[in-house]
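**Q** prediction below, plus the sequence it came from.
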Amino acid sequence: MTATRSAGPGPESQTRVEAPLKLTGAARYAADHRPDGVLHAILVGAPVAAGRLRGVDAAAALVLPGVTAVLTAADLPSFHELPPPSAVRVMPFSDDRIRYEGQPVAIVLAESVEAAEAGRAAVIVDCERETPVLIGRGRREPAMGEDEVRGDVDAALAAAAITIEQTYLQAPRHHHTMETSGTVARWDGGRLTLWDSVQASSTVIGVVSTAFGIDAADVHVVAPHTGGGFGAKGYIWPHEILAAAAARLAGRPVKLHLRRPDQFSNVGYQPWMEQTIRLGATADGVLLGLEHEVVNNTALADTHIEPATEASKSLYAVPALRLRQLVERVSLNVPTPMRAPVEGPGLWALESAMNELADAAGLDPLDVRLANFAEVSPADGRPWSANGLREAYEEGARRYGWRTRHQRARRDGPWVIGHGMATCTMGSFRFPGAGRVRLRRDGAVVEANVHDIGTGVQTVLSQIAAEELGISPDRVETRWGDTDLPATGPTYGSSTTMGTGSAVAAAARDVSKQLAELGHGDRDPLDALGRAGIDELVGEGRFELPGGAGFNADGEGTPYAIRTWGVIFTEVGVDPDFGLLRLRRAVGVYSAGRIVNPVTARAQMTGGIIWGWGKATMEESDQEPVHGRWLAKNLSNVAVPVNADIPADIDVSFTNEYDEAASLIGARGIGELGATGVDAAVAAAVHDATGIRVRDLPILPWKVLAG
Ligand code: MOS
């Protein structure tokens with residue numbers, strides 16, 4: 001179990017409680033666990049992206065020192081049908097079809113990782129090669145049945161003074177977590193322990209126990225520090241099940257930590273997307289109708305839908321609407337959510353089209369947003385739980401100097417300067433979950449099975465408990481990352497502070513109630529415990545959704561629609577000779593309920609903006625056009641923003657309203673919100689600087705030069 005005690009002067013300036021562990025190297029990650037007798041596993045992937053497996057020849061590998069076994073389909077059990085949130089329904093090894101390059105066809109087990117690697121290289125895989133299906137050439141099919149329709153969109157578009165119809169593309173991109181995904185599996189008789197690098201260990205149990213047909217109570221998942229997730233570790237992936245299967249066959253613990261090249265094909269990525277927007281507006285930029293069609297690539301057998309139309313459904317007051325989601329099946333592994341999913345891709349299209357509408361109407365893009373502000377939820381008319389978007393627009397424009405932007409210099413040396421903006425929004429993903437607070441004489445212990453993906457969740461939970469109990473946060477210790485702890489919602493979807501934070505607050509209130517019942521409600525709680533002669537009081541808390549729902553995206557079943565909002569303004573320099581782009585300034589203002597910890601919240605949003613700049617201008621995972629495989633197999637040619645790409649001038653602030661409908665603590669979600677809208681704002685800034693409209697992410701230099 002991972003635990004840490006918070007240190008720091010007080011809530012306002014509280015820094016991360018886990019920082020000393022990370023700085024000193026004491027933080028342990030999944031692969032740092034080395035049970036006695038552990039074997040190292042490495043996957044052998046199919047060398048072709050499409051075809052049929054004829055055979056695996058392991059003879060040369062098996063004679064190498066240290067190699068103990070090479071497992072193939074003949075050795076592995078057939079797994080029971082995997083329930084959600086398994087990322088796949090079709091497990092590798094379940095038939096002889098090769099559907100993507102890197103699909104596991106064998107597993108080498110060895111006494112050391114070096115021996116396993118040598119064994120991997122010696123295994124000969126015999127495949128019948130077929131022509132892979134490339135992105136853009138796959139079979140398209142409706143992803144959600146019927147189109148979603150509101151009003152008469154054809155009539156609205158026909159009546160509009162201004163219409164915009166454009167298609168916006170974005171490249172696939174991988175999460176590139178620093179710590180690749182990995183699992184250490186150990187069986188003790190019929191009981192399975194997994195040390196796992198995941199964002200939702202509570203959900204691992206259901207999938208793994210079903211796969212093996214064992215009792216859920218016999219699976220224990222320990223998920224210590226997690227070296228990045230961004231969605232790649234949200235669902236359950238085959239390697240977690242394969243590690244457990246290999247350990248059972250070998251009769252020894254097995255560590256299966258994905259090599260960097262294997263990470264590309266054995267967990268997900270954000271899909272390639274093609275989005276077409278048709279919108280019609282009055283001459284004043286008031287939307288009359290909107291059509292949004294989304295295509296995302298998925299795998300041949302497995303399906304991931306990226307529901308980017310959500311952005312169009314819920315952001316602006318549009319009377320007529322038609323939304324359509326399609327998937328296109330290609331010879332790649334299945335995609336998965338990636339920061340920021342759903343509205344992240346959706347706003348790239350919608351906000352780009354809104355900027356094009358502003359230009360066509362000769363209006364300031366901020367005024368076009370204000371003209372279409374939704375006073376209530378456009379999806380169903382419910383009032384907003386709390387909505388600071390107007391304040392965010394105003395404050396952001398003030399901080400940026402938006403209205404006077406073109407009075408400032410348009411050139412700086414080789415750089416031509418442009419300005420762009422976009423609205424930011426996300427749904428409010430809420431999951432039920434539990435938390436526990438143990439009040440002891442020397443302090444309190446928070447127990448909740450959240451994950452440390454770098455967001456600062458331990459710090460925030462410590463703070464919430466301290467505040468509720470009325471003790472100093474440095475007297476609170478948080479325990480996380482173990483399925484023996486109270487089950488929480490997953491650590492994704494920007495949901496953790498809202499859900500688990502509320503459960504922990506409820507648990508702390510339960511402790512306070514017990515103290516009051518003992519007649520000590522008015523004392524310092526630590527002092528009171530001593531006087532009452534009690535060593536420990538245990539409080540339990542839960543965060544529940546209406547009707548016992550397991551998930552809730554916009555306050556379904558409540559009187560209020562719940563979303564988060566914001567605005568991003570960017571100043572971009574373009575070098576017209578080389579097509580280079582520089583982010584010079586960014587101002588983001590966000591409406592996300594109460595901000596529990598300004599330090600970690602600001603870090604989340606700054607990280608989101610940087611992530612958005614990467615998506616806008618750098619990140620692209622190419623499908624190689626002949627072989628159909630991912631072109632990159634390591635990080636050496638993967639462009640992501642580094643310090644030199646990031647200006648000091650990223651200005652993040654919050655409207656900071658208390659939202660009692662969203663959660664017990666007044667908070668909504670933050671992290672992924674910061675990554676939305678940045679791409680559309682940057683594209684608008686490039687257009688403002690150069691007159692060149694790039695509708696195909698990332699905005700690489702050649703696209704600027706080609707314009
Ligand atoms: Mo994020 S895609 O919810 O980890």
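**A** Yes, it's here.
**Q** name the nearest residue to the residue in the stretch 551-700 of the chain that the ligand sits nearest to, sequence neighbours excluded.
**A** Using Cβ to the nearest ligand atom, the single residue of the stretch 551-700 of the chain nearest to the ligand is residue 672, 5.9 Å away. Using the backbone N, CA and C atoms, a C-beta is placed for each residue, glycine as well. By the measure of Cβ to Cβ, 6 or more residues apart in numbering, the closest residue to residue 672 outside its immediate chain neighbours is residue 340, 3.8 Å from it.
**Q** hang on, the residue of the stretch 551-700 of the chain closest to the ligand in a helix?
**A** Yes: the assignment for residue 672, made by DSSP: H, G, I helix; E, B strand; the rest coil, places it in a helix.
**Q** around the ligand, which positions in the stretch 251-400 of the chain sit nearby?
**A** Counting by Cβ under 6 Å from any ligand atom, the residues of the stretch 251-400 of the chain lying close to the ligand are 337, 338, 339, 341.
**Q** the same query, at a cut-off of 8 Å, please.
**A** Contact residues (Cβ under 8 Å from any ligand atom) of the stretch 251-400 of the chain with the ligand: 336, 337, 338, 339, 340, 341.
**Q** list the ones among those that fall in helices.
**A** In this view, those have no member that belongs to helices under DSSP state H.
**Q** and the pLDDT for the residue of the stretch 551-700 of the chain closest to the ligand?
**A** pLDDT, residue 672: 96.
**Q** returning to what we had before: how many neighbouring residues does the residue nearest to residue 672 have?
**A** Using other Cβ atoms under 10 Å as the criterion, residue 340 is surrounded by 30 other residues.
**Q** that one contacts residue 678, correct?
**A** No: the pair residue 340 and residue 678 does not pass the contact test of Cβ atoms under 8 Å, sitting 9.4 Å apart.
**Q** and for these two, which residues touch both?
**A** 608, 611 (Cβ atoms under 8 Å, 6 or more residues apart in numbering).
**Q** which residue of the protein sits farthest from its center?
**A** In the chain, the residue that sits farthest from the middle, by Cα atoms, centre = their mean, is residue 531; the gap is 46.8 Å.
**Q** which residues are in contact with that residue?
**A** Remark: with contacts taken as Cβ under 8 Å, 6+ apart, residue 531 is in contact with 520, 523.
**Q** show me which pair in the residues of the stretch 251-400 of the chain next to the ligand is furthest apart.
**A** In those, the most distant members under the criterion Cβ to Cβ are 336 and 340, with 13.3 Å between them.
**Q** excluding chain neighbours, what is closest to residue 639?
**A** Take residue 639 and drop its neighbours on the chain: the residue closest to it by Cβ to Cβ, 6+ apart is residue 618, 4.1 Å away.
**Q** one more: residue 495?
**A** Looking at residue 495 with Cβ to Cβ, 6+ apart, the closest residue is residue 429, at 4.4 Å.
**Q** and the one you found, what does it touch?
**A** Under the criterion of Cβ under 8 Å, 6+ apart, the contact partners of residue 429 comprise 492, 493, 494, 495, 551, 552, 553, 669.
**Q** thought residue 431 was touching the fifth one, still the case?
**A** The reference is to residue 551. Yes: here residue 551 lies in contact with residue 431, judged by Cβ under 8 Å, at a distance of 5.8 Å.
**Q** so the two - more neighbours on which side?
**A** Under the criterion of other Cβ under 10 Å, the comparison of residue 551 against residue 431 puts residue 431 first, with 24 against 14.
**Q** now residue 678, nearest residue through space, not along the chain?
**A** Ranked by Cβ to Cβ, 6+ apart and with sequence neighbours excluded, the top spatial neighbour of residue 678 is residue 612, at 2.6 Å.
**Q** what about that neighbour, which helix or strand?
**A** Following DSSP states H and E, one finds residue 612 within helix 598-617.
**Q** after that helix, next one along is what?
**A** Under the assignment DSSP H and E, the closest C-terminal helix or strand after helix 598-617 is strand 650-654.
**Q** what pairs with that following strand, parallel or antiparallel?
**A** Sheet partners assigned to strand 650-654 using DSSP bridges are listed as strand 580-591 (parallel).
**Q** quick check: mean pLDDT of the strand it pairs with?
**A** Per-residue pLDDT over strand 580-591 has a mean of 98.
**Q** what about it, distance to the chain center?
**A** The chain centroid and the centroid of strand 580-591 are separated by 21 Å, computed with Cα atoms, centre = their mean, to the nearest Å.
**Q** for this structure, what lies in contact range of the ligand?
**A** Taking Cβ under 8 Å from any ligand atom as the contact definition, the chain meets the ligand at 199, 229-234, 336-341, 429, 453, 490-495, 671-672.
**Q** and if we set it to 6 Å?
**A** Counting by Cβ under 6 Å from any ligand atom, the residues of the chain that sit close to the ligand are 199, 229, 230, 231, 234, 337, 338, 339, 341, 492, 493, 672.
**Q** where does the stretch 101-250 of the chain dip in pLDDT?
**A** Across the stretch 101-250 of the chain, not a single residue meets the criterion (pLDDT under 70).
**Q** for the ligand, what's its nearest residue on it.
**A** For the stretch 101-250 of the chain, Cβ to the nearest ligand atom, closest residue to the ligand: residue 231, 2.7 Å.
**Q** what of the stretch 251-400 of the chain?
**A** Among the residues of the stretch 251-400 of the chain, residue 337 lies closest to the ligand, at 3.8 Å counting by Cβ to the nearest ligand atom.
**Q** what sits against that residue?
**A** 231, 234, 268, 270, 304, 306, 492, 493 are the contacts of residue 337 under Cβ under 8 Å, 6+ apart.
**Q** off-centre distance for the longest helix along the chain?
**A** With DSSP H applied, the helix covering the greatest number of residues in the chain is identified as helix 496-517. Here helix 496-517 is found 27 Å from its chain centre; the criterion is Cα atoms, centre = their mean.
**Q** before we move on, what SS does residue 680 have?
**A** helix.
**Q** surely it meets residue 356?
**A** No: using Cβ under 8 Å, residue 680 and residue 356 do not qualify as a contacting pair, with a distance of 10.0 Å.
**Q** so for those two, which residue has more residues nearby?
**A** Here residue 680 and residue 356 are compared on neighbour count by other Cβ under 10 Å; more neighbours surround residue 680, at 30 against 22.
**Q** skipping its backbone neighbours, what lies nearest that one in space?
**A** For residue 680, the nearest residue in space outside its immediate sequence neighbours is residue 351; the separation is 3.5 Å by Cβ to Cβ, 6+ apart.
**Q** do you know how far that neighbour is from residue 648?
**A** From residue 351 over to residue 648 the distance is 26 Å, taken as Cβ to Cβ, to the nearest Å.
**Q** and residue 683, by the same measure?
**A** Taking Cβ to Cβ as the measure, residue 683 falls 23 Å from residue 648.
**Q** of these two, who's got more company?
**A** Ranked by neighbour count (other Cβ under 10 Å), residue 683 and residue 648 place residue 683 first, with 30 against 5.
**Q** hang on, the more buried one in a strand?
**A** No: when classified by three-state DSSP, residue 683 is found to be helix rather than part of a strand.
**Q** right, and it touches residue 695 too?
**A** Yes: because the distance of 7.5 Å satisfies Cβ under 8 Å, residue 683 is recorded as touching residue 695.
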